[in-house]
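Q: pasting the sequence and the predicted coordinates here, then a few questions.
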Amino acid sequence: MTMAAARDLRARASAEFRAVVGQRDQFGYVLILIIAALVLRAWAGDTRLGLFVSVVLGGITLAFILHTCGVHRRLLISVETFVVFAIAMTGISLVLGSETDGHQIAAVFGLSIAFLAPLAIVRRVARAPVITFRIVLGALAIYLLFGLAYSYLYGFTAVAQGTPFFVQTATPTSAIYVYFSYVTMATVGYGDYTAATELGKMLAISQALLGQLYLVSVVAVIVGNIGRVRRPASTADASSRDDAVASDDDATDPNDARPAGEA
């Protein structure tokens, strides 16, 4: 490859990157980042390097979600600062502290990602003037984030209670937590892993209910309204006021009016 061809390739790649970053509602890329974070957590989440890389990827995913949802710049800067701090603390804990400390920090950070990102996506979906395929992808991204959040929550619960989370194993891997989370949310119920504590059972029930209710209500409604244009709030308010005035006019029947002095 010649130098001119290499420069042309870099220019096209840079232009494509700026186009992706500059546009809103890039939920297809959000799904790719979430799936990459899930695969990395399941495949290498138990090693020091894999844990650190998963935290970095999670931070990038959160920052990109907030950016593509168009949140306020101050909030975006605050979250980016938090991401840098969490990555630094995870790296320090893995290098100088114990591996357990690193897992705890990563779990808290993962919970915060899975909590903040759906809020931003829900806000963006609720304000979208037109229901597009990208909005549907955003709703599906929320579903995946629910599963990611519970996979971190189950591990954090085991550490907080000081007891094994599962009946079948006392040392579950990150892959087992991810597997159990999505199997529970899909209500497949393989039964090879079951929660050992009452709190774990209640969390599993809440995830199963949340996952099914979300799919049959929110996602179904959004998919059923693809292409529909929503009325702006100001237009809806004006229509409501017009309807109220019309109702008041109808309540007064002009035929009931009588000449002055007539009984």
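A: On my side now, so go ahead. Keep in mind it's a predicted model, so treat the numbers as computed, not measured.
Q: where does the prediction get shaky in this protein?
A: For the chain, applying pLDDT under 70 flags the ranges 1, 3-24, 45-46, 97-103, 230-263.
Q: that one: helices as residue ranges?
A: For the chain, helices defined by DSSP state H occupy the ranges 3-22, 27-44, 48-68, 73-96, 99-127, 133-161, 174-185, 198-213, 220-224, 233-251.
Q: and these as CSV, adding distance to V167 and mean neighbour count?
A: C-betas here are computed from N, CA, C, even on glycine. Compiled in CSV, the helices of the chain are given as follows (distance: least, C-beta to C-beta, whole Å; neighbours: other C-beta atoms under 10 Å):
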stretch, distance to V167, mean neighbour count
helix 3-22, 45, 10
helix 27-44, 21, 19
helix 48-68, 26, 20
helix 73-96, 30, 15
helix 99-127, 21, 19
helix 133-161, 12, 21
helix 174-185, 12, 22
helix 198-213, 9, 15
helix 220-224, 35, 13
helix 233-251, 51, 10
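Q: with distance to D192 added, can I get those in JSON lines?
A: Below are those laid out as JSON lines (distance: least, C-beta to C-beta, whole Å):
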{"stretch": "helix 3-22", "distance to D192": "40"}
{"stretch": "helix 27-44", "distance to D192": "16"}
{"stretch": "helix 48-68", "distance to D192": "24"}
{"stretch": "helix 73-96", "distance to D192": "31"}
{"stretch": "helix 99-127", "distance to D192": "23"}
{"stretch": "helix 133-161", "distance to D192": "15"}
{"stretch": "helix 174-185", "distance to D192": "9"}
{"stretch": "helix 198-213", "distance to D192": "14"}
{"stretch": "helix 220-224", "distance to D192": "30"}
{"stretch": "helix 233-251", "distance to D192": "50"}
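Q: mind checking how far the residue most central in space within the chain is from I65?
A: Centroid-nearest residue in the chain: P118, 2.9 Å away (criterion: C-alpha atoms, centre = their mean). For P118, the distance to I65 (C-beta to C-beta, to the nearest Å) stands at 9 Å.
Q: cool, G58 as well?
A: 11 Å.
Q: residue contacts, P118?
A: I142, L145, F146 (C-beta atoms under 8 Å, 6 or more residues apart in numbering).
Q: cool, V219 as well?
A: Per C-beta under 8 Å, 6+ apart, neighbours of V219: V136, A139, L140, Y143.
Q: JSON lines for those, including distance to A175?
A: Converted to JSON lines, the contacts of V219 look like this (distance: C-beta to C-beta, whole Å):
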{"residue": "V136", "distance to A175": "29"}
{"residue": "A139", "distance to A175": "26"}
{"residue": "L140", "distance to A175": "22"}
{"residue": "Y143", "distance to A175": "20"}
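Q: and which of those is nearest L51?
A: Closest approach to L51 among the contacts of V219 (C-beta to C-beta): Y143, at 24.6 Å.
Q: so what's the closest one up against?
A: Contact analysis of Y143 by C-beta under 8 Å, 6+ apart lists M185, G211, Y214, L215, V219.
Q: what's the spacing between the closest residue to the first one other than its chain neighbours and I131?
A: Put plainly, it is M185. Once flanking residues are discounted, M185 sits nearest to G211: 3.5 Å by C-beta to C-beta, 6 or more residues apart in numbering. G211 sits 22 Å away from I131, taking C-beta to C-beta as the criterion.
Q: do I92 as well
A: Counting by C-beta to C-beta, the gap from I92 to I131 is 45 Å.
Q: ok, L144 next?
A: 20 Å.
Q: can you check A36 too?
A: Distance of A36 to I131, given as C-beta to C-beta: 27 Å.
Q: A139 now?
A: Noted for A139: a distance of 10 Å to I131, by C-beta to C-beta.
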